[in-house]
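1. Mind looking at a prediction? Sequence and model below.
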Amino acid sequence: MNKELIEAVKILENEKGISGEMLFETIESAIILGLKRKHATDHKNEKGDMKTPYDNVKAVLNRETGEIKIYQTKKVVIEVTDEDEEISLDEARAEYGIEEVGGEITLELPMETQVMGRMVAQTAKQIITQKIREIERSNIFDEFSKREKDLITGVISRISPVNKEDTSDNKYNVFLSIGNGEVILPPEEQVENERYHIGERLKVYLVNVKKTTKNPIIIISRRHKDLIRRLFELEVPEIHDGTVVIKSIAREAGSRSKIAVFSKAENVDPVGACIGTKGSRIGNVLNELGGSKETGEKIDIIEYSEDVAQYISNALAPAKILDIVLKEEAKEAKVLVAKDIFSLAIGKDGQNVRLAAKLTGWKIDIVSDEQVESIRGEEV
């Protein structure tokens with residue numbers, strides 16, 4: 001049993017990342033608590049409170065052999081009033097050569113008192129199991145909380161339907177193994193047109209880590225707009241070192257995103273830096289999003305400008321605008337475009353203007369020159 005105990009601690013230390021010394025100390029504490037519970041009704045102190053002969057004992061577990069010994073500390077007194085906590089000077093002198101009152105002596109308890117019954121063993125097992133769970137939860141929280149708001153990579157370990165009794169809704173939880181833990185990518189944080197496969201490596205954005213009385217709640221996402229931010233930081237050195245700054249991101253996951261960038265250095269083109277030679281950098285980002293320049297999610301990289309009119313004009317790319325009227329207080333912009341690119345400015349289902357509005361923080365109303373001429377004709 002003792003050798004099995006040592007082996008079990010080593011396995012937990014290697015596989016769970018739990019400190020072996022902490023487990024040994026927990027086992028020692030569990031042994032004493034088990035003994036106390038077993039003998040809880042044996043004694044009362046002078047005040048009538050429940051006490052046991054194990055209030056002043058400690059367990060020592062040999063880290064190599066697994067041998068357990070229990071020691072009791074007693075105070076040397078002239079006259080003994082509590083045999084569990086005191087030893088007479090005469091006995092201390094005769095047995096251990098102690099000549100002074102007031103000192104303490106540590107005794108190894110007889111072997112028969114060290115034999116733990118079923119109740120003691122059960123108590124020790126419960127406490128050890130509980131401690132291991134607490135340590136695992138704490139380790140998981142510590143590991144993930146340090147990476148909050150960052151990009152993490154996991155391997156898909158399993159995919160399970162949310163409703164196991166009815167899989168017709170096609171909603172699945174995707175489980176990722178990351179470090180010593182497993183996290184869930186729920187349906188609401190998945191991208192609709194992405195397909196996930198067991199064994200696949202997947203980058204996700206760690207949104208939040210919350211500590212609870214049970215396992216920590218770890219929220220990860222493939223839909224979050226800052227997933228794109230972190231991917232560009234990985235691919236574009238100028239963003240990583242701060243030369244190029246991402247000012248804003250608007251995303252409709254799986255379909256299209258717009259990203260506004262600004263360069264702190266006059267000789268660095270922020271848009272070109274993000275695109276890379278022959279589109280290599282943006283291509284790598286698109287690949288991580290499960291698509292490419294031809295398929296999957298599209299990304300428009302536009303240059304940020306302090307000039308609001310220019311910024312909105314850039315945000316509406318690839319459409320070219322003819323004129324713009326701003327209402328500063330209401331943060332509203334009326335944008336004039338040629339009739340032949342009106343649909344391009346609006347975008348499919350209004351997506352282009354919707355993303356431009358999210359990116360800039362302005363309400364944008366698109367009108368064509370044909371509409372303006374019609375209005376003027378009616379006024380005449």
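-> Received, thanks. Residues are numbered from 1 along each chain as shown.

2. Can you give me the neighbour number for E85?
-> Neighbour count of E85, defined by other C-beta atoms under 10 Å: 17. Placement of C-beta: from N, CA and C, glycine included.

3. so what's the closest residue to it other than its chain neighbours up against?
-> Spatially, and ignoring its direct neighbours in sequence, E85 is nearest to N56 (5.5 Å; C-beta to C-beta, 6 or more residues apart in numbering). Contact analysis of N56 by C-beta atoms under 8 Å, 6 or more residues apart in numbering lists 72-74, 84-85.

4. Now the phi/psi pair for N56, please.
-> For N56, the backbone dihedrals (degrees, to the nearest 10) come out as phi -120, psi 40.

5. Could I get the pLDDT score of it?
-> N56 is assigned 80 on the pLDDT scale.

6. circling back to that earlier point, now for the contacts of N56, which pair is the farthest apart?
-> The span of those, defined through C-beta to C-beta, is set by T73 and D84 at 10.6 Å.

7. Compare neighbour counts for those two and give me the winner.
-> More crowded of T73 and D84, by other C-beta under 10 Å: D84, with 17 against 13.

8. my guess is the more buried one meets K36, correct?
-> No: with contact defined as C-beta atoms under 8 Å, D84 does not reach K36; the gap is 11.9 Å.

9. Overlap of the contact sets of these two?
-> D55.

10. Look up the closest residue to the residue most central in space within the chain, ignoring the ones flanking it.
-> With distances taken as C-alpha atoms, centre = their mean, F144 lies nearest the centre of the chain, 3.4 Å away. Distance criterion C-beta to C-beta, 6+ apart; nearest residue to F144, sequence neighbours excluded, is V209 at 4.8 Å.

11. how many neighbours does that neighbour have?
-> Other residues lying near V209 total 21 when counted by other C-beta under 10 Å.

12. what's the answer for K146, then?
-> 10.

13. Could you do A30 as well?
-> Look at A30: counted by other C-beta under 10 Å, it has 22 neighbours.

14. Apart from its chain neighbours, what residue comes closest to A330?
-> K363 (7.4 Å).

15. Relative to E332, how far out is that neighbour?
-> Relative to E332, K363 is positioned 5 Å away (C-beta to C-beta, to the nearest Å).

16. Could you do I178 as well?
-> Remark: distance between I178 and E332 (C-beta to C-beta) = 44 Å.

17. The two: which has the busier surroundings?
-> Legend: neighbour count by other C-beta under 10 Å for I178 and E332, higher for I178 (21 against 13).

18. So for the more buried one, what's the nearest residue that isn't a sequence neighbour?
-> G154 (3.9 Å).

19. Ranking helices and strands of this protein by mean pLDDT, which lands last?
-> When each helix and strand of the chain is scored by mean pLDDT, DSSP states H and E, helix 111-114 comes last, with a mean of 50.

20. if we can go back for a sec, show me the contacts for the residue nearest to the centre of the chain.
-> 152, 178, 181, 183, 206, 209, 216, 218.

21. Which helix or strand contains it?
-> Assigning secondary structure by DSSP states H and E places F144 in helix 118-145.

22. Give the pairing partners of the helix or strand following that helix; include direction for each.
-> Sequence-wise, the next helix or strand downstream of helix 118-145 (DSSP H and E) is strand 151-161. Sheet pairing of strand 151-161 (DSSP bridges) gives strand 172-178 (antiparallel), strand 201-210 (antiparallel).

23. which parts of strand 151-161 are buried?
-> Neighbour-count burial for strand 151-161 flags 151-152, 154, 156 (criterion: 16 or more other C-beta atoms under 10 Å).

24. any idea which of those is closest to V353?
-> Set against V353, the nearest of those by C-beta to C-beta is L151 (29.9 Å).
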